[in-house]
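Colleague: Next comes the sequence, and after it the predicted model I'd like to discuss.
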Amino acid sequence: MAEANWLRHTIRVGVFEFRRSIRAIWEDKARAFLMAVGLVFPSLMLVGFIYLFSDAIRSAGVVSLPPIARGTVALFWLFGVFIATQRAVSARPRIDAEPLMLTTVSPRTVVGGLVLAETLRVLAYLALPVLVLTGGVVYLFGSVSSILLIPLAAVLLGLTAVLVGMVLGYAVALLIATSPFVARHKTVLGGIAVLVAMGGYLLITLPQFGGIGQESLAVLPVGWFIDLAVIGTPVQGSMVRVAVVVGGSFLVVVGGTALIEYEATRFWFTDPVSGDEGDKTESERITPELDGTRTALADAITPVGIPAGISQPTRRVAQWSLLRTRRDPRRLNFLLLPVVMVGSGLISSGMQAASPWTVFTPAAAVLLAWMAGATFAINPLGEEGAVLPVTLISISGSDYVRGLMLPGLLYGLPLVVLVTGGAAIIGPFELPVALGLVGVGFLATMVAVTTAPAVGVWFPRFSAISIGQSREVIPPRLVTTSLHFLGVTIPATFLTVLLLEPQLAQTLVAGIAGFIPAALLQLASGGESGILSDGGTWFHALGTAIQSSGIESFRLTVAVLLILSAFIVAGISYRVAIRRFDNYAPPM
C-alpha cells in the first residue's frame, strides 16, 4: 500500500538519485570528458550537415516518410531497451540504502524514483542532439510546432524504452534470485544473451550479411515516434501511427510501472538462492571428496578448471580470477566499450568489402586477443579488495602474476586461434595468409596476457565510479584500459596490414617516420635554411628511402622487428609486474 503523497516522494527520490549520478560523473573528469565528446561531436556534425545542405533540403519539397527512417528509430529504441535491461539486471537492481528506503517509504515510491532517475539519465544523453535537431528543423522549415513535438517524441521514446527495459531487467533479476540453475550459470547465460542481441543487431543493420534491413523494423510501433516528430514539416508521416504511438505510450507507462512494482517488490523481499550450492544435499556439501583433490574453490568454477599439475599458489590465483568473473560479469562491461566502438566501424567497413571476412578475420585476431588478456588481469589489485594486504604477504610476485596470466593462456589463447583460424578458412584467404593471421592472433594474445598484469598493478583502482548496489564492482582505470588497448591493438593491427596490404603498410611507415616530420619541420623553419630545414630534408630522404625499398624486404624487416619487439615487451612486462607486486604497499 502506497503512503500518502507517494507521487511527491517519488519525484524527490528520482531527482535526488539523478543528481547523485551527475555528481559522480563530474567527479571523474576523464569519464565526463569522454561523455561530453561523445555528445558534442555528433551534434556538431549534425549542425554542419544542416548548414551545408539547407538549400537542398528546403528545395526537396513535400516527401513521404521513408520506411528506413521508422526502422532506424525502432532500432534505436530496441538498443535503449537492451541497455536499460542490462542496467536493471547488473548495475541498479536496488536503490542505495535499501533497508532505510524500504522502511521509510513504500516500494511504489522507490520503484517510481528509480524509473524517474533512469529516465532523466536517458533524457540527459538525448538533450543536446534533440535540441540541435529541433533548432535545425525550425531553421529549415519554420515549423513552430516542432519546438514541442520533437522533444515530446524524444521523451516518449526514452520513457517507454526505460520502462520496457526495466520490466525485462527485473524479471531477469528475479529469475536469478529464485532459480539455482540460473544463478549458477548466469555468466554463461548472460554471455549467450549478449551474443544473441549482437547477432540480431548484425542481421538488421547489415542486410548483406543476414538479408534483413532496418526498413523491416518499420512495422514496429516503436518506430512511429518519428511520425509524431515530423508533424508540421514537409515530411509527411501518418496520423494514424501518431495516434497509435501516443496511446501505446500511455499504456506502456501505466502497465510498465505496475509490472516493475510487482517484480521489484518480489525481488527486494525474496532471499536470493545460492548459485554455488547447486542441487547438492546438505550431506554432500559437508562431506569432503574421497581423493582430497577437489576443493570448494575448484568446485565453484566447474566446469571450467585449472590443471592440477600447476603449482598450488598459481592455481589458486587463477581460480579466484575465474570465480570473480563468473560471479560478477558486470566487471566485463567496462572492457566492451572499446571493442564496441572499434568493432562498429570495422563491421560497417567490412560490409562494404567484397567479402566481410576480409575485415572480420583480422578484427578477431586483434580484438579477441586484447580481450583474452584484459578480461582477467586488468585491475588485479583493486579486485582483491579488503584481502589485498593478506595477498601481498602470502604469495610471491611470480606465482601471483603467473596465476593472473593463466586463464588467458588456457582459455583465451585457444579461443583466439580457433575463431581466427575458422574465419580465415571461411574467408577468401590463401593458406599462408590464413596461417599468418592465426600467428598474429597468437602473438597478440601472448602480448596482451603478459602486459595486462603489468599495467594493472601499476595503475590499480580501488573505488567504484557509479552509485548504487554496483559499488562492489571495481572497474579498471581509464588510463589502464587505454594504454593496454592501444599497446596491444596498434602493433597487432599494423602487423595485420603488413600481412594483407604491405604496400599500404610501407606508405604508412614512410609517412609517419619521414614525410610528416619533414613537413612539420619545413613549416616550422619558415622556408629558411638552418637546423630545422636540414632536419626536414633528412626526414624527407628517410621517407623516400622507405617508400622506394622493395616490398618483400620491407615486409620481412618490419615483421621481424615487430615480432622481436613483442617478445621483448612481453618479457619486460612480466618482470615489471612481478617487481611491482613484490614492492607494492597498499594505500593508507
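Modeller: Cool, the structure landed.
Colleague: Could you pull out the strands in the stretch 1-150 of the chain for me?
Modeller: 63-64 (DSSP state E, counting those that start in this stretch).
Colleague: now swap in the chain and tell me
Modeller: 63-64, 235-236 (DSSP state E).
Colleague: most remote residue from the protein's center?
Modeller: S529 (50.8 Å; C-alpha atoms, centre = their mean).
Colleague: what's the pLDDT at it?
Modeller: Per-residue pLDDT puts S529 at 72.
Colleague: how near is it to G535?
Modeller: The gap separating S529 from G535 is 11 Å, by C-beta to C-beta, to the nearest Å. Quick note: C-beta positions are derived from backbone N, CA and C, even for glycine.
Colleague: Also S565?
Modeller: 26 Å.
Colleague: and if you look at I578?
Modeller: Distance from I578 to G535, by C-beta to C-beta: 41 Å.
Colleague: what do you get for A161?
Modeller: If you go by C-beta to C-beta, the gap between A161 and G535 works out to 56 Å.
Colleague: So for the two, which sits in the more crowded spot?
Modeller: Taking neighbours as other C-beta atoms under 10 Å, A161 and G535 compare with A161 leading, 25 against 17.
Colleague: From the contact counts, what lies against the top helix by length along the chain?
Modeller: In the chain, ranked by residue count with DSSP state H as the criterion, the top helix is helix 107-141. For helix 107-141, the contact count by 3 or more C-beta pairs under 8 Å, 6 or more residues apart in numbering; DSSP states H and E identifies helix 6-27, helix 29-52, helix 54-59, helix 67-86, helix 146-178, helix 239-268 as packing neighbours.
Colleague: report the angle between the axes of it and helix 6-27?
Modeller: Using axes from the mean of the first three to the mean of the last three C-alpha atoms, to 10 degrees, one finds that helix 107-141 and helix 6-27 are set 70 degrees apart in direction.
Colleague: tell me how far helix 107-141 is from the chain's mean position?
Modeller: Centroid separation between helix 107-141 and its chain, computed with C-alpha atoms, centre = their mean, to the nearest Å, is 22 Å.
Colleague: check contacts around W268.
Modeller: Residues in contact with W268 (C-beta atoms under 8 Å, 6 or more residues apart in numbering) are 94, 98, 102, 107.
Colleague: ah, wrong one, I meant L128
Modeller: Per C-beta under 8 Å, 6+ apart, neighbours of L128: 39-40, 43.
Colleague: Same question for E118.
Modeller: Here E118 is in contact with 84, 87, 92, 162, 166 (criterion: C-beta under 8 Å, 6+ apart).
Colleague: Pull the most distant pair out of those.
Modeller: R92 and V162 (11.3 Å; C-beta to C-beta).
Colleague: the more surrounded of the two?
Modeller: Neighbours were tallied for R92 and for V162 using other C-beta under 10 Å; the higher tally belongs to V162 (30 against 23).
Colleague: helices and strands of this protein: which one has the lowest mean pLDDT?
Modeller: helix 282-286 (a mean of 40; mean pLDDT, DSSP states H and E).
Colleague: from the contacts of E118, which has minimum pLDDT?
Modeller: R92 (69).
Colleague: Around R579, count how many other residues there are.
Modeller: 14.
Colleague: G408 too?
Modeller: Neighbours of G408 (other C-beta under 10 Å): 28.
Colleague: again with T450
Modeller: 27.
Colleague: ok, for it, nearest residue in space, not its chain neighbours?
Modeller: A570 (4.1 Å; C-beta to C-beta, 6 or more residues apart in numbering).
Colleague: my read: that neighbour touches V447, true?
Modeller: Yes. Counting by C-beta atoms under 8 Å, V447 is a contact partner of A570 at 5.4 Å.
Colleague: Neighbour count for those two, which is higher?
Modeller: V447 (24 against 18).
Colleague: I'd say the more buried one and H484 touch.
Modeller: No. Using C-beta under 8 Å, V447 makes no contact with H484, being 9.9 Å away.
Colleague: what sits in contact with each of these two?
Modeller: G373.
Colleague: can you tell me which residues contact L499?
Modeller: 433, 436-437, 440, 559.
Colleague: hang on, the earlier thing: which one among the contacts of W268 gets closest to T314?
Modeller: R94 (36.6 Å).
Colleague: tally of neighbours for the closest one?
Modeller: 17.
Colleague: distance of it from F267?
Modeller: R94 is 8 Å from F267, by C-beta to C-beta.
Colleague: Pick the most buried one from the strands of the chain.
Modeller: Highest mean neighbour count of the strands of the chain: strand 235-236, a mean of 16 (counted as mean count of other C-beta atoms under 10 Å).
Colleague: Okay, now the sheet partners of that strand, with direction.
Modeller: Each strand paired with strand 235-236, and its direction, by DSSP bridges: strand 63-64 (parallel).
Colleague: what's next to the partner strand, contact-wise?
Modeller: By C-beta under 8 Å, 6+ apart, strand 63-64 touches 234-236.
Colleague: Could you give the average pLDDT over it?
Modeller: Mean predicted confidence for strand 63-64 is 88.
Colleague: Can you give me the pLDDT of V359?
Modeller: So V359 comes in at 78 (pLDDT).
Colleague: just R326 next, same as before
Modeller: 74.
Colleague: And for it, the neighbour number?
Modeller: 18.
Colleague: What distance do you get for it to S553?
Modeller: 49 Å.
Colleague: and what of R12?
Modeller: 72 Å.
Colleague: who's more crowded, the two?
Modeller: R12 (15 against 9).
Colleague: chain center to stretch 101-121, what's the gap?
Modeller: That offset, for stretch 101-121, works out to 27 Å (C-alpha atoms, centre = their mean).
Colleague: Hmm, I typed the wrong one, I wanted stretch 171-187.
Modeller: For stretch 171-187 - counting by C-alpha atoms, centre = their mean - the centre lies 23 Å from the chain centre.
Colleague: Quick one: mean pLDDT for that stretch?
Modeller: The model assigns stretch 171-187 a mean pLDDT of 83.
Colleague: tell me which residues in it are buried?
Modeller: 171-177, 180, 182-187 (16 or more other C-beta atoms under 10 Å).
Colleague: Let me have those residues in JSON lines, adding distance to A545 as columns.
Modeller: Shown next, in JSON lines, are the buried residues of stretch 171-187 (distance: C-beta to C-beta, whole Å):
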{"residue": "A171", "distance to A545": "65"}
{"residue": "V172", "distance to A545": "60"}
{"residue": "A173", "distance to A545": "62"}
{"residue": "L174", "distance to A545": "67"}
{"residue": "L175", "distance to A545": "65"}
{"residue": "I176", "distance to A545": "62"}
{"residue": "A177", "distance to A545": "67"}
{"residue": "P180", "distance to A545": "67"}
{"residue": "V182", "distance to A545": "63"}
{"residue": "A183", "distance to A545": "63"}
{"residue": "R184", "distance to A545": "62"}
{"residue": "H185", "distance to A545": "59"}
{"residue": "K186", "distance to A545": "58"}
{"residue": "T187", "distance to A545": "53"}
